[in-house]
Each structure stands twice: as structure tokens, then as C-alpha cells.
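Student: curious how this folds, go ahead:
(one chain, ligands or ions: 1)
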Amino acid sequence: MSAVVQTKRITVPEIKAHKNAKPVVCLTCYHAHTARLLDEHVDLMLVGDSVGMVMHGMETTLGVTLDMMILHGKAVMRGSKRALVVVDMPFGSYEESPQIAFRNAARVISETGCQAIKLEGGARMGETVRYLADRGIPVMGHIGLTPQRIQIFGGFRTQGRTEAEWPAIEADAKAVAEAGAFSVVLEGMAEPLAAKITREIAIPTIGIGASAQCDGQILVMEDMLGLNPNPPKFVRQYASMGPDIEAAVKAYAAEVRARTFPGKENVYSMKKTA
Ligand code: KIV
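Tutor: The predicted structure follows:
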């Protein structure tokens, strides 16, 4: 008889318990093979709406649909069994009302099997965060530089560079924490502000371009692996997979083209010597 080993996924309360105890390791993930590779090493995988830019070549995240998020969410769930999986709510799927947000978030949770959703926005989304959390949907907040408002920001500009900007951003952090979010992403934020917010709120802050002062870190996996030819400046690259893939494809192509056909010149080797 073979013993069935059941791996329990990391839970929302376990992520919350990282606060002031141990850093939360997070990465984005959009597909099953990479989910399998990440699963042992990260606490949380985010199926981010950055999938639109990274996997679908979109200019911004604004064209990402709920169906796309569900498709990629299912793939990541199939490829993983340990890490907590959070799926992003795309632009237009939650801003209109708490009720619409609930309907769409419930679809994401029930169709993918993920444990939580993420949505962008601070104080203005407080009511929605509370509505979802009260009805059993764990919410990760996302404040600072929120890419779904790129048209309003007018570009990817670090938030909180001047102290005059701080009170509104601190109010955003407090609003999502008090509304019941279990963690909050701080994106593109000046270090002293990220540090202050991390001290001020009771839930883990997860930084991306927001300094090492946060309770955890997240990066877009393709950026840290060296697949993005133009990664954000703050990203440290841990591999150079772009050049590695190109070299491998080049070697493969050369091998396939080296085949000779009886009675024919190899046009590729002719080209090479010409
Ligand atoms: O969509 C995404 O990848 C994100 C991260 C940048 C936090 O929201």
C-alpha cells in the first residue's frame, strides 16, 4: 500500500503571521511549468495582470480580461500544491461597485481554486475590500504606483518622493488594512514612506520597487530571470534566460539545418562559406 502524501497549501493566516516575524517571499507566475518550479521556494505566487504585458505583449495591463486571469489562474493552480496563490482582478472587473467586485471575485475563486484575489486602490476601494473580506474572499491590497491608473499617473513614476505626498498614501495603506486586507503590495514607493507604512500597519507589506524595508518582496518572475530586455531599473537579475534561450535556439537551429539530403548541396552550409 502506498502512502498518500498530501501537501497543504500555505494559508492566508500563515501569510499574515509573517508580520514582524519573517519575510514573505513572492513572485508572479502565469503558467503551470513555472508554478511547479517556484512552488517549493516561494510563500505566495501572484497571477498578476502583468500577464497581459509579459505573456501577451500588451502595452499596459488595461486590456486584460477576467477570462484571461481565470485561464492563467487555473494553470498556476494545476502546477502548484504548496504556495498560496493570489489572482489579480483586472481593470474594469471590480471598481464599479462592491457587489460587482464580489460577483467577479467569486468567479475567480471558484473557477481557479486560488485562495485570494488582489485589487488595486487604497481608500477609494476600502468599502469594496471590506465587502469582499466580510463575505469570505481574502483580499491583497495594492497601493502606491498602481499600473491600472497609468493614464492618471501619466507614467511609471515613484510615489512618495516628497513628504507632501505621504499622508494620502499612508491613508490608503491604513484604509485597506482596516478594511480587512490580509496583505498589501507597495509598488514604486520611496523607501522612507514604505518603511513608515510598514511600521504603521498590522498586515504584511509586500514591496516591488519599494525598498528592502517592506515585510516581503515580489518581482515579476520574467524580469528577475532576465527574459525582459527592458526590466524596471530596481530589478536585480538572478539569471540571464533571454540570452540563454536565444543561444539554445540558435544551437538547435544549426543542428537541424546541418542535415544533408542525398544528392543535394546543404544550402545553409553553402551560405555560411559564401
Ligand atoms: O500584476 C502584477 O504583476 C502585479 C505585481 C507588480 C505586484 O501587480
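Student: in three-state terms, label the residue nearest to L62 when sequence neighbours are not counted for me.
Tutor: Ranked by CB to CB, 6 or more residues apart in numbering and with sequence neighbours excluded, the top spatial neighbour of L62 is F91, at 5.0 Å. C-betas here are computed from N, CA, C, even on glycine. Here F91 is recorded as coil under DSSP: H, G, I helix; E, B strand; the rest coil.
Student: surely F91 meets I150?
Tutor: No: counting by CB atoms under 8 Å, F91 does not reach I150; the two are 9.8 Å apart.
Student: neighbour count winner among the two?
Tutor: Comparing F91 with I150 by other CB atoms under 10 Å, the one with more neighbours is F91, at 20 against 17.
Student: ok, that one to the ligand distance?
Tutor: Computed with CB to the nearest ligand atom, to the nearest Å, the distance linking F91 and the ligand is 11 Å.
Student: let me see the contact set for that residue.
Tutor: Shown in contact with F91 (CB atoms under 8 Å, 6 or more residues apart in numbering): 49, 61-62, 64, 148.
Student: can you check D49 too?
Tutor: Counting by CB under 8 Å, 6+ apart, D49 has contacts 61, 64, 69, 88-91, 147-148.
Student: state the pair within the residues you listed that is farthest apart.
Tutor: Across the contacts of D49, no pair lies farther apart than M69 and P147, at 14.3 Å, counting by CB to CB.
Student: between these two, who's got more neighbours?
Tutor: Comparing M69 with P147 by other CB under 10 Å, the one with more neighbours is M69, at 28 against 20.
Student: can I assume that one sits in a strand?
Tutor: No: under three-state DSSP, M69 sits outside any strand and is assigned helix.
Student: whatever residue of the chain ends up closest to the ligand: neighbour count?
Tutor: In the chain, the residue that lies nearest the ligand is G48 (2.3 Å; CB to the nearest ligand atom). Applying other CB under 10 Å, we find 29 residues neighbouring G48.
Student: surely it and M55 touch.
Tutor: No: taking contacts as CB under 8 Å, G48 lies outside contact range of M55: 10.5 Å.
Student: what sits in contact with each of the two?
Tutor: Joint contacts of G48 and M55 (CB under 8 Å, 6+ apart) are Y30.
Student: returning to what we had before: okay, the contacts of D49 in TSV with pLDDT next?
Tutor: Putting those into TSV (pLDDT from 0 to 100) gives the following:
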residue	pLDDT
T61	96
V64	98
M69	98
D88	98
M89	98
P90	98
F91	98
P147	94
Q148	96
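Student: since that was my last question, I'll sign off now.
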